[in-house]
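Enquirer: generate coordinates for the sequence data below:
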Amino acid sequence: MSGSRKGFQAEANAHVPLPIRAGVAPSYLWLTETRAGGLLRFLAERFPDVSEAAWAGRLARGEIVDARGARLEAASPVRQGMRIWYYRELEAPETPIPFREQVLFQDAHLLVADKPHFLPTIPTGRFLHETLLVRLKQRFELPHLTPIHRLDRETAGVVIFSHNPASRGAYQSMFQKRVVNKVYEALAGPIEGRAFPFTYRSRMQDAEQFFLSKEVAGEPNSETLIELLERRGDVAHYRLHPHTGRKHQLRLHLSALGAPILNDAFYPVALPCKGDDFSAPLQLLARSIAFDDPLSGQPRRFDSGFRLAWPTTRPA
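Expert: As a prediction, the model looks like this:
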């Protein structure tokens, strides 16, 4: 099978030969090897989860093109250096996610949204249209809309998008320089033997399961300031200030402290996938984001309108 490099979403500043369709930007595939047998055969082998008949249908409808926008056929040659463009589609229908996002702010540069639990930020896996990015693109017709940071599907709260390519770099650099003040809240088990507030540090890396992180020995590369807001029996309400942005940092840190977040299906033990069960949202919320605007210098702060749900019965 030939090597390739796949882009799930088109780059905003690149020439894109296919338009956005129903809020979904086209994807592209770089080909790093010349192959015999034609494009249809290559696609069927490269993407075994998509049937050959499905690829044949897309080719027949003219939905797969080269970098110039020229329509490709089933027998089109596969050559090293080609970039082909296509629309990502799902074989199975998406389950509607019955929670709505709210828009907190919009100007000529930014759109700030309040994401509900269970809604992915961007298309991934079995989610395409039922994602925050695609919903907002459809709703506001903003072809260059791009998140400048992300939240896990399981986490609710504030997400900042750029929709102006000319100013995007200025806002992205804020996160790279760590000059953005992000505050989270969580409901979790009690942390015993600590005086609040305190800072927890550890070294994190990807775990053997690709979607998880783990702590290992070594120089810390993750840091979280933890405040206790309230405690009711076996459940505590925490305010969390991540000073770094490692994958699943807050979830892993609280779990490592013996206080996993309520309804966390990943930590301390990865549980079987619950599919489309929306009954037990992870009790983690991106409460606010604050920064000095890099263009105007004015202070900005955006707060989520969502609230965490205290359990009505004692958690198991």
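
Enquirer: confirm residue 29 sits in a strand?
Expert: Yes. Counting by DSSP: H, G, I helix; E, B strand; the rest coil, residue 29 is located in a strand.

Enquirer: pretty sure it sits against residue 83.
Expert: Yes. Using Cβ atoms under 8 Å, residue 29 is in contact with residue 83, at 7.0 Å. Placement of C-beta: from N, CA and C, glycine included.

Enquirer: name the SS class of residue 253, please.
Expert: helix.

Enquirer: neighbours of it, how many?
Expert: Residue 253 has 24 neighbouring residues, counting by other Cβ atoms under 10 Å.

Enquirer: gap between it and residue 115?
Expert: Residue 253 sits 21 Å away from residue 115, going by Cβ to Cβ, to the nearest Å.

Enquirer: buried set for the strand ranked longest in the chain?
Expert: The single longest strand within the chain, with elements called by DSSP state E, is strand 222-232. For strand 222-232, a neighbour-count test (16 or more other Cβ atoms under 10 Å) marks 222, 223, 224, 226, 228 as buried.

Enquirer: and after that strand, which helix or strand comes next?
Expert: Per DSSP states H and E, strand 222-232 leads on to strand 235-242 as the next helix or strand towards the C-terminus.

Enquirer: how about the helices in the chain?
Expert: Ranges of helices within the chain are 39-46, 52-60, 132-140, 165-176, 249-256, based on DSSP state H.

Enquirer: nearest to residue 208, out of those helices?
Expert: Taking Cβ to Cβ, helix 249-256 is the member of these nearest to residue 208, at 14.5 Å.

Enquirer: contacts for that closest one, please.
Expert: Helix 249-256 has contacts (Cβ atoms under 8 Å, 6 or more residues apart in numbering) with 184, 186, 188, 191, 200, 202, 204, 213-215, 222, 224, 226, 238, 240, 242, 246, 260-261, 264, 266-268, 282, 284.

Enquirer: and the buried ones among those, selectable in PyMOL?
Expert: To isolate in PyMOL the members of the contacts of helix 249-256 that are buried, counting by 16+ other Cβ under 10 Å, one can use:
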select buried, resi 184+186+188+191+200+202+204+213+214+215+222+224+226+238+240+242+246+260+261+264+266+267+282+284
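
Enquirer: number of nearby residues for residue 308?
Expert: The burial count for residue 308: 17, using other Cβ under 10 Å.

Enquirer: er, residue 296 I mean
Expert: Neighbourhood size, residue 296 [other Cβ under 10 Å]: 10.

Enquirer: same question for the one 10 residues further on.
Expert: Here the count is done by other Cβ under 10 Å, and residue 306 has 20 residues near it.

Enquirer: list the contacts for the residue lying closest to it once chain neighbours are set aside?
Expert: For residue 306, ignoring the flanking residues on the chain, the nearest one in space by Cβ to Cβ, 6 or more residues apart in numbering is residue 156 at 4.8 Å. Residue 156 is in contact with 114, 115, 116, 117, 281, 284, 285, 286, 304, 306, counting by Cβ under 8 Å, 6+ apart.
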